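Chemist: build me a model:
(one chain, ligands or ions: 1)
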Amino acid sequence: MADITPVHIRERKLQGPPITMLTAYDYSFASMVDAAGIDIILVGDSLGMVVLGYDSTVPVTMEEMLHHCRAVSRGVKRALLVGDMPFMSYQVSPEDALMNASRFLKEAGCDAVKLEGGVDVAPVIERLVKAGIPVMGHVGLTPQTASSLGGFRVQGKDIERARAIYKDALAVAEAGAFSVVLECIPSELSVLITKEVDIPTIGIGAGPGCDGQVLVTNDLLGLYEKFTPKFVRKYLDLAPKINQALKTFKKEVEAGDFPSLEESFSGGEEAVKAIRAQN
Ligand code: KIV
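Modeler: Numbering: from 1, shown residues only. This is a model prediction of the structure:
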């Protein structure tokens, strides 16, 4: 079990400091994110876009999620590990959702699951929590249903949608979630929700007034070049640097500059002599 538990995360609402959460999809990145002291590692279904090359998160399957969660869990020592439930793994019925959620804990080493939605999924959250599965909610822009929300755009600028998101956050908290992600909503709305719900809010494109912040690690490192949302701060711009390194490798191999003697093994003279003598 992780050092950081859902109970610790809940306590941070009152005690601070702000909660940090980042995504990881494999062992190497999970080890680095964990070693950096990040509180929560999310195996987001964003892996569908940034790792698997899908156009959206919709095609991601349970088996793909579990495969990546298992790899990540081998690299995590202290952070709370949250697995993202993929589209249609929790919408069919609370019982179906329970079976799928339990696999994240039993088969993939996760400590909790995350699912998208508010009022509509509250009965599902209640069922999972009752069975002992910690749940993180996710309201506002919910990427799995982005097309019915008008695409990847800020949500809750108009009164009707803002009220719906507010009610969604309250429903998620009342259903027993230990925290809730607020994605792509105006800062004023996230301040209101953060004040009104008794669980920590973790924002992504929701301004500075949340109890914590989450980003997709590949965005933060500048590894995903297809699209960078306005709310992303690129702490590194790795893609061009990686591209340069790969080109240099190609150039050096073609020029005979790689590998050097220092990068090679010696000590094979006797064996080679013997083979030559036999032939
Ligand atoms: O899938 C994901 O990475 C997420 C985060 C953006 C919160 O849901």
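Chemist: for stretch 221-241, what is the average pLDDT?
Modeler: For stretch 221-241, mean pLDDT rounds to 93.
Chemist: make that stretch 167-177, sorry
Modeler: 98.
Chemist: neighbouring contacts of that stretch?
Modeler: Residues external to stretch 167-177 that are found in contact with it (Cβ atoms under 8 Å, 6 or more residues apart in numbering): 117-119, 121-123, 125-126, 129-130, 135-137, 139, 180, 182, 193, 196-199, 201. Where you see a C-beta, it was placed from the backbone N, CA and C, and this is true even at glycine.
Chemist: one more: stretch 86-101?
Modeler: Residues outside stretch 86-101 that contact it (Cβ under 8 Å, 6+ apart) are 45, 48, 57-58, 60-62, 64-65, 85, 113, 115, 121, 123-124, 126-128, 131, 133, 135, 144.
Chemist: among those, the buried ones, what's the PyMOL command?
Modeler: Buried members of those, defined by 16 or more other Cβ atoms under 10 Å, are picked up in PyMOL with:
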select buried, resi 45+48+57+58+60+62+64+65+85+113+115+121+124+126+127+128+133+135+144
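Chemist: just the ones of the contacts of stretch 86-101 in strands?
Modeler: With DSSP state E as the criterion, strands contain 113, 135 from among these.
Chemist: re earlier: just the ones in helices from the contacts of stretch 167-177, please.
Modeler: 122-123, 125-126, 129-130, 193, 196 (DSSP state H).
Chemist: intersect those residues with the contacts of the ligand.
Modeler: By Cβ under 6 Å from any ligand atom, no member of the ones in helices among the contacts of stretch 167-177 lies near the ligand.
Chemist: skipping adjacent residues, who's closest to residue 223 in space?
Modeler: Of all residues not flanking residue 223 in the chain, residue 238 sits nearest, at 5.3 Å (Cβ to Cβ, 6 or more residues apart in numbering).
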